[in-house]
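> The following comprises the amino acid sequence and a computationally predicted model.
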Amino acid sequence: SQQGEEDPQALSIQEGENATMNCSYKTSINNLQWYRQNSGRGLVHLILIRSNEREKHSGRLRVTLDTSKKSSSLLITASRAADTASYFCATRKDTGRRALTFGSGTRLQVQP
Amino acid sequence: SAVISQKPSRDICQRGTSLTIQCQVDSQVTMMFWYRQQPGQSLTLIATANQGSEATYESGFVIDKFPISRPNLTFSTLTVSNMSPEDSSIYLCSVRDPGQGPYEQYFGPGTRLTVT
């Protein structure tokens, strides 16, 4: 089954605005991570939230996790043109497979 | 964090041929993974490469099509065999070492493959 569906698929905002991306998943997880990918290049790890955490901050990033709803959100505040990229959530199950399973991703375009 | 390099960074290949992608890590890691990212899509796990044993493949991927080697704790190769245009993708190597932090997974820059 598909693990990690994200919405919106694409998001276009103006510089300075906030961007919110959502991720839903289907199985129980150990942790959930967010990654950024610029123009089809390698992935950069942004932030990790453990299953027993509800909210986490890192600079302009804020991540929430609701395990009862099996969902997470990534908020980027005061966006910049350099934030233009694809953002993926990724989960690791609490048992079994050790690799991350990725969501479908959100393509964020920040207009200068 | 682990630093990962991949070779080649990109290639254009003819259908029916094979390409071997190399992944080199700057430290010894226990877990190494290969992902495929088709154009405009998310990442799909191909297999987990274990040092000293055969790779473990995900549903939909087979060893004959994607043979993998893992001769030591810093290196792995993925071969895309008998290529067709449907194999055009970015192939990414990824590592995880619980000894360096139990949760994070690091990615190489990817190999962009185009099959004509």
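That came in fine, so what should we check first?

> From here on, just use CA atoms for contacts and neighbour counts.
Will do.

> In chain B, which residue sits nearest chain A?
Here chain B gets closest to chain A at one residue, B:Pro109, 4.0 Å apart by C-alpha to the nearest C-alpha.

> For that residue, grab phi and psi.
B:Pro109 adopts backbone torsions of phi -70, psi -10, taken as degrees, to the nearest 10.

> Can you tell me, leaving aside adjacent residues, what's nearest to B:Ile90?
B:Arg112 (4.3 Å; C-alpha to C-alpha, 6 or more residues apart in numbering or on different chains).

> go on, B:Gln41?
The nearest residue in space to B:Gln41 (C-alpha to C-alpha, 6+ apart) is A:Ser104, at 6.8 Å.

> for B:Leu92, same thing?
In space, B:Leu92 is closest to B:Gly110, 4.4 Å off (C-alpha to C-alpha, 6+ apart).

> Determine the number of other residues adjacent to that neighbour.
29 (other C-alpha atoms under 10 Å in any protein chain shown).

> swap in B:Phe75?
22.

> for chain A, what are the nearby residues on chain B?
B:33, B:41-45, B:48, B:90, B:92, B:103-110 (C-alpha under 8 Å from any C-alpha of the partner chain).

> State the distance from A:Ala19 to B:Thr17.
44 Å (C-alpha to C-alpha, to the nearest Å).

> okay, the residue of chain B closest to chain A: pLDDT?
Per-residue pLDDT puts B:Pro109 at 94.

> That one contacts B:Ile90, correct?
No - counting by C-alpha atoms under 8 Å, B:Pro109 does not reach B:Ile90; the two are 9.4 Å apart.

> tell me the contacts of B:Tyr91?
B:Trp34, B:Tyr35, B:Arg36, B:Gln37, B:Gly110, B:Thr111, B:Arg112, B:Leu113 (C-alpha atoms under 8 Å, 6 or more residues apart in numbering or on different chains).

> Looking at those residues, spot the one nearest B:Thr77.
For the contacts of B:Tyr91, the closest approach to B:Thr77 (C-alpha to C-alpha) belongs to B:Trp34, at 9.2 Å.

> who touches that closest one in this structure?
B:Leu45, B:Ile46, B:Ala47, B:Thr48, B:Ala49, B:Leu78, B:Tyr91, B:Leu92, B:Cys93, B:Ser94.

> contacts for the lowest-mean-pLDDT helix or strand in chain B?
When the helices and strands of chain B are scored by mean pLDDT, DSSP states H and E, strand B:106-107 comes last with a mean of 90. Applying C-alpha under 8 Å, 6+ apart, the contact partners of strand B:106-107 are A:42-45, B:1-4, B:92-96.
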